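Asks: below: sequence and its predicted model.
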Amino acid sequence: MELTGKTILITGASGVLGLALTEKLASKGAKVLGTATDNDSAGKISAKAEVRLLLDYREPESIQTLTDYLVAASQVDGIINASGVVAFGPAAELDLATSTRLNSVNSAGPIQLITQLFSKLKASAESGNEPFVLNITGVVAETPMPGMAAYSSSKIAIHGFFTALSKEWRREGIRVISARPGHTETGLASRAIAGTAPNFPQGMTADHVADRLIAAIENDEKDLPASEF
């Protein structure tokens with residue numbers, strides 16, 4: 001897939017990985033639309049993004065506002081979901097608010113966004129632009145971890161959705177990729193919404209993961225298990 005001239009939505013563009021993806025895709029000639037949760041975090045989106053947008057996966061109305069805007073006003077040739085939250089701790093101590101937020105941000109919100117942009121992706125396919133959707137799902141979708149049961153389940157949910165969606169949308173000309181990198185040094189673990197992170201070994205760099213994701217997009221790959229990183 002040629003990235004030059006493609007319009008790509010990156011959710012979580014204010015994060016470390018989202019920043020790396022934005023700058024690398026822009027350098028390849030893509031037009032990047034970057035999202036952040038609020039005005040403060042929007043200031044962290046790279047200046048190489050063409051447009052900065054607000055998106056809070058916890059609020060269905062926020063997702064609806066963004067998708068209404070994109071459907072009315074923008075081309076969409078690709079979506080990269082780089083948003084996410086993490087929580088740690090024993091399952092017996094999990095509270096409803098934590099579980100609800102994990103599921104909203106890591107699975108339910110992205111599902112709403114992606115399905116509501118189907119018409120834009122379909123239009124891109126009909127124009128011969130080879131549209132794609134890529135979700136940074138994480139290795140826990142393959143190997144759920146103790147002390148991370150709720151987080152793992154939210155990632156398993158989105159991975160299952162993408163597995164089925166890839167078969168549905170293949171006939172529509174839309175490529176769907178679930179990417180499952182291992183621990184990456186983005187600082188996400190230090191910003192857990194509950195609990196304290198265990199002592200993870202040194203993770204991969206954001207640059208390494210971003211390069212691998214972009215290579216998969218360019219080379220028309222359809223699945224990225226942890227072993228591919």
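Replies: Thanks, I have it.
Asks: residues of the least confident helix or strand in the chain by mean pLDDT that come out buried?
Replies: Lowest by mean pLDDT, DSSP states H and E among the helices and strands of the chain is helix 39-42, with a mean of 95. Within helix 39-42, the residues that count as buried by 16 or more other C-beta atoms under 10 Å are 41, 42. The way it works is simple: take the backbone N, C-alpha and C, and place the C-beta from them, glycine included.
Asks: that helix: what's the following helix or strand?
Replies: Counting by DSSP states H and E, the next helix or strand C-terminal to helix 39-42 is strand 51-54.
Asks: how far does stretch 212-229 sit from the chain's center?
Replies: Computed by C-alpha atoms, centre = their mean, to the nearest Å, the chain-centroid distance of stretch 212-229 equals 14 Å.
Asks: show residues contacting it.
Replies: 1-3, 21, 24-25, 28, 78, 80, 130, 132, 134, 136, 139, 142-143, 166, 175-182, 204, 208-209 (C-beta atoms under 8 Å, 6 or more residues apart in numbering).
Asks: separation between the residue nearest to the spatial centre of the chain and residue 161?
Replies: Geometric centre of the chain, nearest residue: residue 81, 1.6 Å, by C-alpha atoms, centre = their mean. As judged by C-beta to C-beta, to the nearest Å, residue 81 and residue 161 stand 11 Å apart.
Asks: same deal with residue 13?
Replies: Residue 13 sits 22 Å away from residue 161, going by C-beta to C-beta.
Asks: who has more neighbours, the two?
Replies: Using other C-beta atoms under 10 Å, the more surrounded residue of residue 13 and residue 161 is residue 13, with 29 against 20.
Asks: and the residue lying closest to the more buried one once chain neighbours are set aside, what is it in contact with?
Replies: Of all residues not flanking residue 13 in the chain, residue 34 sits nearest, at 2.9 Å (C-beta to C-beta, 6 or more residues apart in numbering). By C-beta under 8 Å, 6+ apart, residue 34 lies in contact with 10, 13, 14, 18, 22, 45, 46, 49, 51, 52, 53.
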